[in-house]
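Asks: Got a sequence here, can you model it:
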Amino acid sequence: MRIGLQLGYWGARPPANAGELVEAAERAGFDGVFAAESWGSDAFTPLAWWGARTDRVRLGTSVAQLSARSPASCAMHALTLDHLSGGRCVLGLGVSGPQVVEGWYGQPFAKPLARTREYVSIVRQVLAREAPVRNDGPHYPLPYAGPGSLGLSKPLRPITHPLRADLPIWLGAEGPRNVAQTAEIADGWIAVYYSPRVAGMYEDWLAEGFARPGARRSRAEFEVAAACQVVVTDDAPGARALLKPYLALYVGGMGAPEMNFHAELFRRMGYGEAVDDVSKLFRAGDKEAAAAAVPDEMVDEVAIIGDRDHVRRRAAEWADAGVDTLLVGCRDVAHVRSVADALGLAEGVGLAEHL
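Replies: A predicted model of the protein is given here:
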């Protein structure tokens, strides 16, 4: 199993120690560094800035939002970062949700699966650079000839020759149809909240996509990257308490009541009653009570918390369940080192060799 450092997206200001974390992660044997975006900091600039301090780790977006850039613009970002890093870019994409897409980017959210399929197709055309880029789909028509067009457009291909035509594209997906399409058209799946207990459900969704005609990868060639907080500690209750406000935010506040993909995912895990309680309290403005309503079991479904031996055993369970890469958020350099030590990274051997 590989381990990636998840930098996430910024709050009110940039994290003061991000550069130190990135350098420590590479020294400790982490496989990659990943950055996200919401409606503040972007996903590409931190990777270029702090990634310049690295020589080995992959630099990935997890995720860059489709509506933040046109497909051609996104491909330009990816091919640029890939050149600057010597072929270490991983392009992770996601649709976000209607509140962000329509409220922040001012674009329609409808038909996210069709939009994703077109988007990925255009990005791949840019990276292949075999011909001028064209797309006949309704969401990203190229060349554009619709309302407001001057009728002077022409198909183009990138001036810069991309370093890799097969630059890996991963998709963040949570629902069954989205995960199946990810298996069909992408090189990897970014699971925001993954639970080994229901791995069979995920594998069924993936298998549907791999079985489709023209699927890009087989299961053996496909990478599953799961976001997972890993905390090596003798105070598991205290660590859970620190994570509960974040779960309450995503379950209760990251999405409209009528469409919250994170909440629906936890419902599929069997936490429907808890989701209802947390959502009601969060929307009423009582965030402290919402966090307290998150059950311990719900935290342990999607995080690995405990002493060194417990963390090692649980990580092996995630690997056995089909996870190839854990995307781990770390608060400081000591946290990076504790994760690396527990999972055998600092010793230069794989996790399985310790079990």
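Asks: Tell me if I'm right that A78 and R124 touch.
Replies: No. Applying CB atoms under 8 Å, one finds A78 not in contact with R124, separated by 10.7 Å. Any C-beta I mention is one placed from the backbone N, CA and C, and that applies to glycine too.
Asks: which of those two has more neighbours?
Replies: Comparing A78 with R124 by other CB atoms under 10 Å, the one with more neighbours is A78, at 26 against 18.
Asks: Quick one: the helices in the stretch 101-250 of the chain, in order.
Replies: 112-128, 176-185, 199-210, 236-252 (DSSP state H, counting those that start in this stretch).
Asks: Helix, strand, or coil at M76?
Replies: Following DSSP: H, G, I helix; E, B strand; the rest coil, we place M76 in the helix state.
Asks: How about the contacts made by it?
Replies: Residues near M76 by CB atoms under 8 Å, 6 or more residues apart in numbering: 126, 158, 160.
Asks: Show me just the buried residues among those.
Replies: 126, 158 (16 or more other CB atoms under 10 Å).
Asks: Export the contacts of M76 as JSON lines, with columns for pLDDT and distance to W205.
Replies: Converted to JSON lines, the contacts of M76 look like this (pLDDT from 0 to 100; distance: CB to CB, whole Å):
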{"residue": "V126", "pLDDT": "98", "distance to W205": "28"}
{"residue": "P158", "pLDDT": "98", "distance to W205": "34"}
{"residue": "T160", "pLDDT": "98", "distance to W205": "36"}
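Asks: who touches the spatially most central residue of the chain in this structure?
Replies: By CA atoms, centre = their mean, the chain has its centre lying nearest to S62, at 3.3 Å. Counting by CB under 8 Å, 6+ apart, S62 touches 4, 6, 34-36, 43, 92, 170, 172, 190, 225, 227, 327.
Asks: how about a cut-off of 6 Å?
Replies: 34, 36, 92, 190 (CB atoms under 6 Å, 6 or more residues apart in numbering).
Asks: from the contacts of M76, which is closest to A207?
Replies: When the contacts of M76 are ranked by distance to A207 (CB to CB), V126 comes first, at 29.9 Å.
Asks: Can you show me the strands along the stretch 251-355 of the chain?
Replies: Ranges of strands in the stretch 251-355 of the chain, per DSSP state E, counting those that start in this stretch, are 303-306, 325-328.
Asks: what packs against the first one?
Replies: With contacts defined as 3 or more CB pairs under 6 Å, 6 or more residues apart in numbering; DSSP states H and E, the packing partners of strand 303-306 are strand 229-232, helix 236-252.
Asks: low-scoring pLDDT stretches of this protein, where are they?
Replies: Within the chain, the ranges that satisfy pLDDT under 70 run 256, 346-355.
Asks: hmm, 90 instead?
Replies: By pLDDT under 90, the low-scoring segments of the chain are 175, 250-265, 268-269, 271, 346-355.
Asks: And L242, how far from L265?
Replies: L242 sits 21 Å away from L265, taking CB to CB, to the nearest Å as the criterion.
Asks: Could you do A342 as well?
Replies: 27 Å.
Asks: With D286 instead?
Replies: 23 Å.
Asks: more neighbours, these two?
Replies: Taking other CB under 10 Å, D286 and L265 do not tie; L265 has more neighbours (22 against 14).
Asks: from what I can see that one touches E174, true?
Replies: Yes. L265 is in contact with E174 according to CB atoms under 6 Å; the separation is 4.9 Å.
Asks: Out of the strands of the stretch 251-355 of the chain, flag the one nearest A186.
Replies: Checking those against A186 by CB to CB gives strand 325-328 as the closest, at 14.2 Å.
Asks: same for the closest one, what does it pack against?
Replies: Partner elements for strand 325-328 (3+ CB pairs under 6 Å, 6+ apart): strand 2-8, strand 223-227.
Asks: ok, that strand: who's next to it in the sheet?
Replies: In the sheet, strand 325-328 lines up against strand 2-8 (parallel), strand 223-227 (parallel) (DSSP bridges).
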